[in-house]
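Trainee: take a look and give me a structure for this.
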Amino acid sequence: TRSTRRRSRGAPRDPVTASYAALFGPRYRALMVAALGATFLGSLDALMVTTALPTAAQDIGGVDLIAVTVGATTVTVAMTFPLAGAMIDRYGVGRSFAIACALFSLANVIGGLAPSMAVVAVSRAILGLGAGFMFAVPLGLFAVSVPEALRPRAFGANAAMWGVSALIGPRIVNSAALVV
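Mentor: Have a look, this model is predicted:
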């Protein structure tokens, strides 16, 4: 397709040894930190909120809306992911990341101030829109900026962020609950 050709033209063509050392070397280090940070942030948010949601629902009422709240995020991520890919192709990764950050921030402010689970559900739907962009950005970065020989490792490292956040997220929530 046209976008595949454009992506492969944008990636560096220098021969590179397919290794994690090359992927995290000086040339790609900042890109990988930013890309993996975006995935980590999105996945950590999803796992932390899912862990804390039952307690929050008991505190503000609306336990019966937990499934709607989780579903709102899931549906909007699934809807937004292809849209984010098209925007990355058309306008670039930077604009898509800015949209992700704006939606993510707005949703967290609304969710943090939410007086009811219905408002939390709306905030999670907005967050899902941002997360769809947030999860598409690393993939767009890899397609445009990482040589083909390194992409499998980049995609693998990106997927590993979910595992890292699954190990860390619930512990952070439990620690925060003890403090609050």
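Trainee: past the helix ranked longest in the chain, which element shows up next along the chain?
Mentor: Counting residues, the longest helix in the chain under DSSP state H turns out to be helix 29-60. For helix 29-60, the following helix or strand on the C-terminal side (DSSP states H and E) is helix 66-91.
Trainee: may I see the buried residues of that following helix?
Mentor: Within helix 66-91, the residues scored as buried using 16 or more other C-beta atoms under 10 Å are 66, 69-70, 72-73, 76-77, 80-81, 84-85, 87-89. Where you see a C-beta, it was placed from the backbone N, CA and C, and this is true even at glycine.
Trainee: closest to Ala118 out of those?
Mentor: Distances from Ala118 to the buried residues of helix 66-91, taken as C-beta to C-beta, are shortest for Thr69 (8.9 Å).
Trainee: find the nearest non-adjacent residue to the closest one, please.
Mentor: Ala121 (4.3 Å; C-beta to C-beta, 6 or more residues apart in numbering).
Trainee: quick check: which ranges of the protein have low pLDDT?
Mentor: Low-confidence segments of the chain (pLDDT under 70): 1-14, 177-180.
Trainee: repeat that with 80
Mentor: Within the chain, the stretches with pLDDT under 80 are 1-16, 51, 169-180.
Trainee: now Gly25, what's its secondary structure?
Mentor: Here Gly25 is recorded as coil under DSSP: H, G, I helix; E, B strand; the rest coil.
Trainee: flag every buried residue along stretch 137-148.
Mentor: Buried, per 16+ other C-beta under 10 Å, within stretch 137-148: Val137, Pro138, Leu139, Gly140, Leu141, Phe142, Ala143, Val144, Ser145, Val146, Pro147.
Trainee: what about the fourth one, helix or strand, and which?
Mentor: I take that to be Gly140. Assessed by DSSP H and E, Gly140 sits inside helix 117-145.
Trainee: assess the claim that Arg124 and Val49 are in contact.
Mentor: Yes: contact status for Arg124 versus Val49: in contact at 7.3 Å, counting by C-beta atoms under 8 Å.
Trainee: higher neighbour count, these two?
Mentor: Arg124 (28 against 21; other C-beta atoms under 10 Å).
Trainee: for that one, which non-adjacent residue is spatially closest?
Mentor: Thr73 is the one closest to Arg124 (C-beta to C-beta, 6+ apart), at 4.4 Å.
Trainee: state the distance from the one you found to Ala67.
Mentor: Between Thr73 and Ala67 the computed distance is 11 Å (C-beta to C-beta, to the nearest Å).
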